[in-house]
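1. Need the 3D shape of this:
(chains A and B)
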Amino acid sequence: MREVEVLEEPRHPLVRLAQAWNAFWFTPADPTLLGLIRICVGLVTLYVHAAYTVDLYEFFGTDAWVDAQAVTEFRHELPWLKRPFNSWDEHLYYEQPKGTAEQVRAAAAYMHGFVPPPDQLGSHELLKDNILYGPNPDQVFQGYDAWSIWYHVTDPTWMMAIHVFILLIIFMFTIGFCTRITSVLTWLAALSYIQRGVVTLFGQDTMMNILLLYLMIGPSGAALSVDRLIKRYWTAWRALRAHRPVPVIGRPAPMVSANLALRLIQVNLLWIYFMAGMSKLQGNLWWMGSATWLTWMNWEFSPLGFWPFRAAITFLAQYRPLWEAVLTGSVVFTFFVELGFPFLVWWPRMRGVMMTAAFIMHLGIGCSMGLWTFSLMMMCMVLAFLPQETVHRLLALLFAGPEGLQLRFHAKDRAQVRWVSVICAFDVWHQITYHEASPPRAPRGTPLTAAGSTAVQSATLARAGRADTAVVEHLELTTDSGEHLTGYPLLERVVRSLRLLWPLALWTFVPGVPPLGRVWLRSAGAD
Amino acid sequence: MASEELLSAVGEEGPFTNPWPALVTSLACTGLAFLLSSSLNDTGLVVCGLLAFVGVLAASAAVWIQPRSWAVLLLAALVAFMASMVAQEAEWDSAVTLLRILTTVAGVSALVVVLPQAGRRAVVSLVILWHFGGILSATTNIAPGPWVSSQLWTYVYRPYLQFMYMNNAYHYYSPNPGPASMLWFRIEYETTQEVDKHGEKRTFKHRRWVKIPEVDENGVRVRPGRDHKPYWPAVEYTRRLSISESINQATTGPGPLAQRRRNEYLREIPPYTPRSDPQYHEPPTLAKHWLASYVRHVCKSFPFEDRPELKVTGVKVYLVIHRILEPWEVAGGAEPTDLATYEPYYMGNYNPDGTLKPANEGGLTLKYDPNGLPGTVQEVDRDPMLYWYIPIYRQLNPDSDEHNAVALTDHNSTLVRKYWDLQTGDAEGGEQP
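-> Modelled structure (predicted):
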């Protein structure tokens, strides 16, 4: 095998480079990790936007901090100076012609605090023109293109209605419902708030925008989503309606677009860390090892009003060697993460260490500076380096419940088929074995794995101590202790066993809910 | 196991496989909106806008169902274009831009999907390179930055990065972390003639301070107002910090005109000599633009609490830098909320419409004597303290004009705030910051 690889390896470095590029960006990847990131990002995004509800008009209304007049002028008239392309003269942007080039330069120098001789400045009028007329129209771009619904909707009632609609969209994105559409809408909505609330932004908005963009590009709803549950339901329902056995639905198929989105997040994160670290190298306080003091002692950011924090800071300040050690340690740690992460995270042995270090750094930023939403978004980005198997182990740890349940149903009963499909959709960790009481004939010819593209569950035809041909009038669940359940008790046991349904299971403990559930099941014809 | 999973996933289908009903719906909705939009009033346009929105949603659903069909993508592009025409009719310029971009993306995608796999990957690769090239230019286009980056940002990437909000440089807390800044507004309301408790008719001046952001002495972050409600959710407080930070931008030092103004006012407010920096903070043009808007907002949002009917007559604005305590000050028991740690810079006296009051409008009234000595350019009508630091400090002898750097921890020192009170007008009495 190794010999073959050596022989097939292209010699030309450009071909090797192309192959490496192709493998890096276009190798199919499991979308589950992307789904996990979507949920985390969605929750923070939902919080951030729900928080706007309090200040909707103060940030985006006609009389907001940046009011409609100011933002209109900003996006239509703001001059963006063009730096001359082929000239050494950086002061060409004053309107021309206004005197000689020397006089223009003198006026520019004057504006910067120098006082050139009067003969260089020229007349009063000339000076005034050169100082006050501003940029030469040929040397500027005016305004910029941006999208925001809040540029146009300023009526308070409509604003609140649209805001609530947007919150609904973000919620749908978070749970992964119609994700291909809601991801685009969520990004556009977030961009709307960002572009309108131009002076209210901070690092969190940057990270949120980046993540939403990449989650929109990738199939973030292909796993851990309502979309996925619908697909599972639909697959099970179709199989049962076609009188095939209940399919075992595995993980979502690996997808190139999932890998692409994860790679985009990874590369962007590395660049963020690298630039953050490199730019700090310009600061003398970072070199002195005391820069983090300025973040911990910043009254407006840090929790100095929280007495344990204040006491710790005061204690630290009273012992200089300790102060220096802690401060220098925190600075070295910051550089270790920001400059080390982009390189060391690719080394499998160091990946866990670097990810843990990054999490600790962001926890520190959250605790000491109160920038929790920013820190959470950064952690979401770091998640993109989580190995896929770790994600699945983690999810199994959280959501895989006890096995050994057996569900008997009658494939010709439509209501039963619907219920089995629903249960099958939520039975992600295959806790239940499904038995058809009157098993249909297998389709002729093609094996089920190819025909239905579903793996045959080998244990499907196992019996639960009943005859195969017995007609099952109701769904029947057999527990590992041999208990037979139907109707509401069955439903209760299922929602308590399948951890994805635990939010529903909580209701089964509420007094009054079980009788209501029985009535509902009876009316639905399922009891 | 892996192959089994792969097999299991390939044949999974969602409930929708046919994109055409959604596409027909989208064409019908958008087409109707497009046809009606030119002949309707404002209410009609709202209906057309909603129709177009539904149309675009339906088109995106069709693309979702069958993303690799060139015909679906092409028709989706048509839908987006018709929707952009509706937006144009409604004069929603930013929506027009967005929809034209969507038109282009859908149109180009229709071409890309017919390419073989290698071609599609080549196109995607180029887009990746373009995207990260833009991010590279944005992150290196900050002084000191290379000429190439500034040129790329200016002439190539600016529209893309600004539209996508991808123009952040990621230079967090660099070169060094800085202190927080705040905006303090002193709102002055119209005077009233009222009878006081002694039965005498007197003229009352009404004023109010609004501070953004504000943290009380217990470290609780509170909203402006008499009840001082804490900020909730917390992220809304952070956004206020960004508002004040938008004014705290780097500027050049004082020009000769500003220095001259200041020199003429040394007797009333002397500079604080222990500080060697220029003690001058003139915001750049964009920050002045924001400042004018903040003034308008404050005037409309913060009426006088006892008499909300009183009209605002002016607003004095201060950019306040909150100095961070040094470790020896903390060890000595200094308080981070000591008023001497607040460094206010006077940003001017404004009309409610956001314009500087005439006393501060000197920019256009230059007096220049071409026959005079260098530096004889004069200006008139400017507030002498505009953009200058108003000293608040601690002194052992508060009446001495000789400033000595006194540690905040010196319990014999006295807070000197007479210049602050003089400049703000609070010396006349009333509420104090």
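
2. Grab the nearest non-local neighbour of the closest residue to chain A within the stretch 101-250 of chain B.
-> Closest contact between the stretch 101-250 of chain B and chain A, by C-beta to the nearest C-beta, is at B:Gly219 (1.4 Å). C-beta: built from backbone N, CA, C; applies to glycine. Excluding the flanking residues, the one nearest B:Gly219 by C-beta to C-beta, 6 or more residues apart in numbering or on different chains is A:Gly305, at 1.4 Å.

3. The one you found and B:Glu236, how far apart?
-> According to C-beta to C-beta, to the nearest Å, A:Gly305 and B:Glu236 sit 18 Å apart.

4. Neighbour count for those two, which is higher?
-> B:Glu236 (21 against 17; other C-beta atoms under 10 Å in any protein chain shown).

5. tell me the contacts of residue 69?
-> Just so you know, I chose chain A. By C-beta atoms under 8 Å, 6 or more residues apart in numbering or on different chains, the residues touching A:Gln69 are B:Ser293, B:Arg296.

6. you looked at the wrong chain, it should be chain B
-> Per C-beta under 8 Å, 6+ apart, neighbours of B:Ser69: B:Pro19, B:Val113.

7. Phi and psi next, for it.
-> Torsion angles at B:Ser69 (phi, psi; degrees, to the nearest 10) stand at phi -100, psi 120.

8. okay, now B:Lys197: neighbour count?
-> When neighbours are defined as other C-beta under 10 Å, B:Lys197 has 5 of them.

9. In three-state terms, label it for me.
-> coil (DSSP: H, G, I helix; E, B strand; the rest coil).

10. What pLDDT is listed against the residue of the stretch 301-450 of chain A found nearest chain B?
-> Nearest residue of the stretch 301-450 of chain A to chain B (C-beta to the nearest C-beta) works out as A:Gly305 at 1.4 Å. We have a pLDDT of 91 for A:Gly305.

11. does it really touch B:Glu335, like I thought?
-> No: between A:Gly305 and B:Glu335 there is no contact under C-beta atoms under 8 Å: 11.8 Å.

12. Identify the residues contacting B:Tyr342.
-> B:Val320, B:Ile321, B:His322, B:Arg323, B:Ile392.

13. Dump the residues you listed to a markdown table, plus secondary structure.
-> Output for these, formatted as a markdown table (three-state DSSP):
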| residue | secondary structure |
| --- | --- |
| B:Val320 | strand |
| B:Ile321 | strand |
| B:His322 | strand |
| B:Arg323 | coil |
| B:Ile392 | coil |
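
14. Relative to chain A, which of the residues you listed is nearest.
-> Using C-beta to the nearest C-beta, those come closest to chain A at B:His322, 6.0 Å.

15. List the beta-bridge partners for that closest one.
-> B:Ala180, B:Tyr342 (DSSP bridges).

16. Was I right to think it contacts A:Trp299?
-> Yes: assessed by C-beta under 8 Å, B:His322 is found in contact with A:Trp299 at 6.0 Å.

17. Give me the common contacts of the two.
-> Residues within reach of B:His322 and of A:Trp299 at once, by C-beta under 8 Å, 6+ apart, are B:Ala180.

18. Now do the strands in chain B.
-> Along chain B, counting by DSSP state E, strands occupy B:180-195, B:201-212, B:214-215, B:221-222, B:312-322, B:342-350, B:366-367, B:378-379, B:393-395, B:414-416.

19. So what's the predicted local confidence for residue 216?
-> Reading this off chain A. 97.

20. hm, I was asking about chain B
-> At B:Asp216, pLDDT is 89.

21. any idea what sits nearest it, other than its immediate chain neighbours?
-> Closest to B:Asp216 by C-beta to C-beta, 6+ apart is B:Val222, at 5.4 Å.

22. Please tell me I have it right and the one you found contacts B:Glu214.
-> Yes: contact criterion C-beta under 8 Å: B:Val222 and B:Glu214 qualify, at 5.4 Å.

23. lowest confidence element among the helices and strands of the chain?
-> I'll assume chain A. helix A:448-451 (a mean of 32; mean pLDDT, DSSP states H and E).

24. my bad, the chain I had in mind was chain B
-> helix B:2-10 (a mean of 39).

25. what sits against B:Arg120?
-> If you count contacts by C-beta under 8 Å, 6+ apart, B:Arg120 has them with B:Val112, B:Val113.

26. ok, now A:Leu167?
-> Neighbours of A:Leu167 in contact, by C-beta under 8 Å, 6+ apart: A:Leu46, A:His49, A:Ala50, A:Thr53.

27. now, which of those sits nearest chain B?
-> A:Ala50 (7.6 Å).

28. Quick one: neighbours of the closest one, just the number.
-> By other C-beta under 10 Å, 16 other residues sit near A:Ala50.

29. circling back: do I have it right that the residue of the stretch 101-250 of chain B closest to chain A meets A:Phe306?
-> Yes: counting by C-beta under 8 Å, B:Gly219 touches A:Phe306, with 6.8 Å between them.

30. got a pLDDT number for A:Leu316?
-> 96.

31. Is B:Ala258 in contact with B:Tyr387, as I believe?
-> Yes: applying C-beta under 8 Å, one finds B:Ala258 in contact with B:Tyr387, separated by 6.6 Å.

32. Average pLDDT for stretch B:422-433, rounded please.
-> pLDDT averaged over stretch B:422-433 gives 68.

33. next one: stretch B:14-28
-> On average, the pLDDT along stretch B:14-28 is 92.

34. Stretch B:175-189 too?
-> On average, stretch B:175-189 scores 95.

35. same thing with stretch B:284-297?
-> Mean per-residue pLDDT for stretch B:284-297: 92.

36. Is that stretch in proximity to chain A?
-> Yes: contact of stretch B:284-297 with chain A (C-beta under 8 Å from any C-beta of the partner chain) involves B:Leu286, B:His289, B:Trp290, B:Ala292, B:Ser293, B:Tyr294, B:Arg296, B:His297.

37. Is B:Asp426 in contact with B:Trp420, as I believe?
-> Yes: using C-beta under 8 Å, B:Asp426 makes contact with B:Trp420 at a distance of 7.5 Å.

38. Would you mind telling me which of the two has the busier surroundings?
-> More neighbours surround B:Trp420 than the other of B:Asp426 and B:Trp420, with 23 against 17 (other C-beta under 10 Å).

39. Quick check: the more buried one touching B:Tyr346?
-> No: with contact defined as C-beta under 8 Å, B:Trp420 and B:Tyr346 do not form a contacting pair (9.9 Å).

40. what residues are shared contacts of the two?
-> B:Ile390.

41. Spit out the contact partners of A:Ile272.
-> A:Ile272 is in contact with A:Met381, B:Tyr170, counting by C-beta under 8 Å, 6+ apart.

42. same question but for B:Val156, I mixed them up
-> By C-beta under 8 Å, 6+ apart, the contact set of B:Val156 is B:Gly134, B:Ser137.
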